[in-house]
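In: Attaching a predicted model along with its sequence, questions to come.
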Amino acid sequence: MVGSERKTQFVSAVVYVHDAEGALGRFLCTLTGALEGLFENYEVVCVDDASTDGSADVIRAVAAERPQTVISVVSLGVFHGVERAMRAGVDTAIGDFVYTFERPGIPLEARMVAEVFERACEGHDVVSAVPAGGGELSSRLFYDVFNRFSTLPGPLGTELFTLLTRRAINRVGALTSSTPLAKAAYASSGLSRSSVAYEADLASEPSGFSRERRERAIDSLLFYTSVGYQAAKTLSLIMLGVTLLSLVYAVAVFLTGRPVEGWTTTIVLVSFCFAGLFLLMVLIVKYLSLILSQLVRKSDYVIGDIRKVTGGKQR
C-alpha cells in the first residue's frame, strides 16, 4: 500500500457483471478491501448486464460481509454489452476518480489499485493497468491492426482496468454520447494518459471473440481507424486493374481477328466486379449508420433498477 494514511478523495469503482458468479465474489472482496484500506470515502457500482446466473446473490453476500462499503447495483433491463453497460455505471458513479473494471475475472491486487491512483495524482486523467505481455493473442492481433491504421494520438492495447478523473469523464461526455470503444474516446479527448504494467495471468479469462466483441471490434475499426477507407481503396484499385486487363484482352482479340471465347471468364469477371461494388456499398452503409448514431442523441442504455445493497439490505 502506498502511504500510511487513507486518501480523502471520493472514488468510485464501476464493475461490469454478466454471468460472473464464479469469479465475482473473490474479486469484490479484494476490491472492497483495497478501497477501504486506501480511501476514506468510496463506493462500488456493479452493473448487472442481464445476468442469468447467481451474480446478484454474490453481490448481496459480499455487501452483507462488508457493511461499511457502499455497494450499488445497476440492473440493466436487457443485455447491452460491455461498452454501453459501463457507460451506465460511469454515469451513476459520483466519485472524483472512477475505477472501471470491465472484467471481474482479472487477478486484482490491492497494490495495483494504489499504484494506479498514485500515477493519476501525478497529473494524468486516464491511467490504465495493463498486462505486461499485452493480453491474449486475439486481442494483440486486433490492436496491432487498430494501431496501424488508427487516427488517434497514441496506441491502444488490452487493459486490466482503468482509472478516470472526473474531468476526463466530463470531457468525453461533452464530445460524444455514444462510442463503440470508450478507451478510444478517452484517447481522442486530448487529456494526459498513462499506464502501469503488471504481470497478469489471464488464462481464466474467456478467449477468442464473442459475437458482441466481434461487433465492437468491427465498429471500432471503422470508426477510429482508416482501415475501411484503405480496404475500399485497395479493392477499387484491384477492380480497376481487372478492368484494364479485360480491355487489353478485348483489344487483342479484336486485332487478331480471333473469335471471342470464354463465356465463363466473362461471367466470373462480371461477378467479381459486382461483388466488389456491393462490398463498397456495405462499407458506405456501415459508415453512414455510425455517423447517424453519433448525430442522433438518445438514451444509450435502459436501466431496470438501481438498488443499494450495503449490509445486505436493499433500499
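Out: Done, it's in.
In: what's the spacing between Thr310 and Tyr224?
Out: Counting by Cβ to Cβ, to the nearest Å, the gap from Thr310 to Tyr224 is 39 Å. For glycine as for every other residue, the C-beta is placed from the backbone atoms N, C-alpha and C.
In: These two: which has the busier surroundings?
Out: Tyr224 (22 against 19; other Cβ atoms under 10 Å).
In: need the contact list for the more buried one.
Out: By Cβ atoms under 8 Å, 6 or more residues apart in numbering, the contact set of Tyr224 is Phe146, Ser150, Thr151, Leu152, Pro180, Leu181, Ala184, Ser188.
In: and the first one, how far is that from Glu83?
Out: In other words, Phe146. For Phe146, the distance to Glu83 (Cβ to Cβ) stands at 15 Å.
In: Quick check: buried residues in stretch 121-128?
Out: By neighbour count on 16 or more other Cβ atoms under 10 Å, the buried set for stretch 121-128 is His124, Asp125, Val126, Val127, Ser128.
In: Narrow these to those in strands?
Out: Per DSSP state E, strands hold the following members of these: Val126, Val127, Ser128.
In: and which of those residues is nearest Ala13?
Out: Distance to Ala13 across those (Cβ to Cβ) is lowest for Val127, with 13.9 Å.
In: thinking again about what came up before, check the buried residues of stretch 121-128 and tell me the two furthest apart.
Out: So, those by Cβ to Cβ: farthest apart are Asp125 and Ser128, at 11.5 Å.
In: Now do the shared contacts for those two.
Out: Arg193.
In: Tell me the buried residues within the contacts of Tyr224.
Out: In those, the ones that pass as buried (16+ other Cβ under 10 Å) are Phe146, Ser150, Leu152, Pro180, Leu181, Ala184, Ser188.
In: Using the three-state scheme, assign the fourth one.
Out: Each residue gets one of three states, and Pro180 gets coil by DSSP: H, G, I helix; E, B strand; the rest coil.
In: CA atoms of stretch 232-249 as PDB?
Out: What follows is stretch 232-249 as a C-alpha-only set of coordinates in PDB (Å, rounded to 0.1, in the frame of the first residue of the first chain):
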ATOM      1  CA  ALA A 232     -12.200   0.300 -50.200                       C
ATOM      2  CA  LYS A 233      -9.300   2.000 -51.900                       C
ATOM      3  CA  THR A 234      -7.400  -1.300 -52.400                       C
ATOM      4  CA  LEU A 235     -10.500  -3.100 -53.700                       C
ATOM      5  CA  SER A 236     -11.200  -0.200 -56.100                       C
ATOM      6  CA  LEU A 237      -7.600  -0.400 -57.400                       C
ATOM      7  CA  ILE A 238      -7.900  -4.200 -57.900                       C
ATOM      8  CA  MET A 239     -11.200  -3.700 -59.800                       C
ATOM      9  CA  LEU A 240      -9.600  -1.100 -61.900                       C
ATOM     10  CA  GLY A 241      -6.700  -3.400 -62.700                       C
ATOM     11  CA  VAL A 242      -9.000  -6.200 -63.700                       C
ATOM     12  CA  THR A 243     -11.000  -3.800 -65.900                       C
ATOM     13  CA  LEU A 244      -7.800  -2.700 -67.700                       C
ATOM     14  CA  LEU A 245      -6.800  -6.300 -68.300                       C
ATOM     15  CA  SER A 246     -10.200  -7.000 -69.700                       C
ATOM     16  CA  LEU A 247      -9.900  -4.000 -72.000                       C
ATOM     17  CA  VAL A 248      -6.400  -5.200 -73.200                       C
ATOM     18  CA  TYR A 249      -7.800  -8.600 -73.800                       C
END
